[in-house]
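A.B. asks: Build the 3D model from these lines:
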Amino acid sequence: MSGTIRAAASARDALQRGYRLHPVLAAATGAAAAGVALILPLRALDPVMVDGVSVWSAPFDLFASMAVLCATVLWLGDRMGGSPLFRKVGVAVALVAILEPWLAVLRVVLDPSPKLNAQLGAAMVAAHAVLFAASAALAVELFRRPLGHPSLGWSVRLGMLLTLFGMLADPARGLPALGGESGGWAAAHAVALHGVQLLPLAGWALSRRAELRVSHQLTLLAVGAISYGAVILVLCWQAARGQAGVADPLTVAALVVVAAGWASSTASVIAHAREVRHLALEARTASQKRQAMAAQAQVAMARARKVALRQRLTQELLRRVRSERDRGAVPGVTLRIRHPIEVLAPDERPTEVELLAV
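C.D. replies: Below you'll find the predicted structure:
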């Protein structure tokens, strides 16, 4: 129960912080989330299908993607400290997040003529172009500003680059460079689009590994980003061959190669990190041993100096005893004699010497 209360309090604090940071973008996030809640039952209940997919799938996916994107942009703005460019980008993202999903809803509800459908599609393309331009400007700002821990900062930057690539890959027509090649590019589009959420999670997890040096964390992050990009390219290659949605042997083999490369590279970096940590531990242990030996040597030297001092003191005391005896001191009388260089503690007494008859 207490965990639920803390979670609710954290969510409330996050909403309040987002609203203070950018009210328009926070409102767009809530509107997109409300759209998800509105479309979800329609997607489940409406029996109309197109190519085996519910007609409400496209609006639902857009609402969900925009809700996640708006929340991500809010988080990025918080990491950047709310820069002036973020405020402008936030307005553009908020407008697109509200406009584009509802254009998709109109295409379902109105069942428009081919001409109107083309006009709605053109409006969605224009809105998407605005979103891409705003995201590109945000990516440039991310490279210009400090974002906290290096692992987290670079994961955000690299994830944003992958997301920009995902925005270029149209789910139906693929990459513009392929001249409107048809095919199922939804998988490549979705995986690339969410790079700005997944890579920062990896960067955050790495930043909490105190046993890893920052250089090893960044290397692991680079390996992950390259592997993530390789997966996107494999999915693009699959779609370009018209094999989208089919686990053909070539795609599976390519994904296995990517996974094996990621696993071997990650294992090598972790092994090197352990070796470096082991060598550092040995060096620290050797340093501690040297310090202990130096301390022991200092103690031995202090003892040697004390013994030499006592020897000199003894000789001086004997000389003074002979002098007192020569002056007629009575044998058997105890004298308390303190040598000028003898250091006495508060609870110590001067050396006592008993004059004996010789």
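A.B. asks: ok, and the closest non-adjacent residue to residue 225?
C.D. replies: Leaving aside its chain neighbours, residue 225 sits nearest to residue 158 (4.4 Å; criterion: CB to CB, 6 or more residues apart in numbering). Placement of C-beta: from N, CA and C, glycine included.
A.B. asks: buried set for the strand or helix carrying that neighbour?
C.D. replies: For residue 158, the element it lies in under DSSP states H and E is helix 150-168. For helix 150-168, a neighbour-count test (16 or more other CB atoms under 10 Å) marks 150-167 as buried.
A.B. asks: Against which helices or strands is whichever helix or strand comes after it packed?
C.D. replies: Following helix 150-168 in sequence order, the next helix or strand is helix 186-193 (DSSP H and E). With contacts taken as 3 or more CB pairs under 8 Å, 6 or more residues apart in numbering; DSSP states H and E, helix 186-193 sits against helix 150-168, helix 214-240.
A.B. asks: Count residues in the vicinity of residue 58, would you?
C.D. replies: Residue 58 has 20 neighbouring residues, counting by other CB atoms under 10 Å.
A.B. asks: what do you get for the one 4 residues further on?
C.D. replies: Other residues lying near residue 62 total 22 when counted by other CB under 10 Å.
A.B. asks: ok, now residue 100?
C.D. replies: Neighbours of residue 100 under the rule other CB under 10 Å: 24.
A.B. asks: I'd like the distance between it and residue 312.
C.D. replies: Computed as CB to CB, to the nearest Å, the residue 100 to residue 312 distance reads 96 Å.
A.B. asks: same check, this time on residue 210
C.D. replies: Counting by CB to CB, the gap from residue 210 to residue 312 is 55 Å.
A.B. asks: With neighbour numbers in mind, choose between these two.
C.D. replies: Neighbours were counted for residue 210 and for residue 312 using other CB under 10 Å; residue 312 has more, 13 against 6.
A.B. asks: Check which helices and strands the host helix or strand of that one is in contact with.
C.D. replies: Element membership for residue 312, per DSSP H and E: helix 249-326. Helices and strands touching helix 249-326, by 3+ CB pairs under 8 Å, 6+ apart, are helix 214-240, strand 334-337, strand 351-354.
A.B. asks: Quick one: work out the angle between it and helix 214-240.
C.D. replies: If you take axes from the mean of the first three to the mean of the last three CA atoms, to 10 degrees, helix 249-326 sits at 180 degrees to helix 214-240.
A.B. asks: Can you give the distance of helix 249-326 from its chain's centre?
C.D. replies: On the basis of CA atoms, centre = their mean, to the nearest Å, helix 249-326 sits 33 Å off its chain's mean C-alpha point.
A.B. asks: repeat for stretch 152-172
C.D. replies: 17 Å.
A.B. asks: Also stretch 130-141?
C.D. replies: 22 Å.
A.B. asks: on that earlier part again, out of the helices and strands packed on helix 249-326, deepest packed?
C.D. replies: Highest mean neighbour count among the helices and strands packed on helix 249-326 (mean count of other CB atoms under 10 Å): helix 214-240, with a mean of 19.
A.B. asks: So, low pLDDT: which residues of this structure?
C.D. replies: 1-12, 82, 112, 172-183, 244-245, 321-322, 324-358 (pLDDT under 70).
A.B. asks: repeat that with 80
C.D. replies: Residues of the chain that meet the criterion pLDDT under 80 lie in 1-19, 46-53, 81-83, 111-115, 117, 169-184, 242-247, 280, 282, 306-358.
A.B. asks: So which bits of stretch 108-121 are buried?
C.D. replies: Per 16+ other CB under 10 Å, stretch 108-121 contains these buried residues: 108, 120.
A.B. asks: For burial, what's the neighbour tally of the closest residue to residue 91 other than its chain neighbours?
C.D. replies: Leaving aside its sequence neighbours, residue 91 sits nearest to residue 24 (CB to CB, 6+ apart; 5.6 Å). By the criterion of other CB under 10 Å, residue 24 has 17 neighbours.
A.B. asks: can you offset everything so residue one is 31?
C.D. replies: Sounds good: first residue 31 from here, last item residue 54.
A.B. asks: quick one on the thing from earlier: pretty sure the residue nearest to residue 255 is touching residue 251, no?
C.D. replies: Yes - under the criterion of CB atoms under 8 Å, residue 188 makes contact with residue 251 at 7.3 Å.
A.B. asks: between the two, what contacts are shared?
C.D. replies: residue 229 (CB atoms under 8 Å, 6 or more residues apart in numbering).
A.B. asks: Contacts for the helix or strand residue 57 falls within, please.
C.D. replies: Assessed by DSSP H and E, residue 57 sits inside helix 53-75. Residues outside helix 53-75 that contact it (CB under 8 Å, 6+ apart): 45, 48-49, 84, 86-87, 89-90, 93-94, 96-97, 100-101, 103-104, 107, 120-121, 123-125, 127-128, 131-132, 135.
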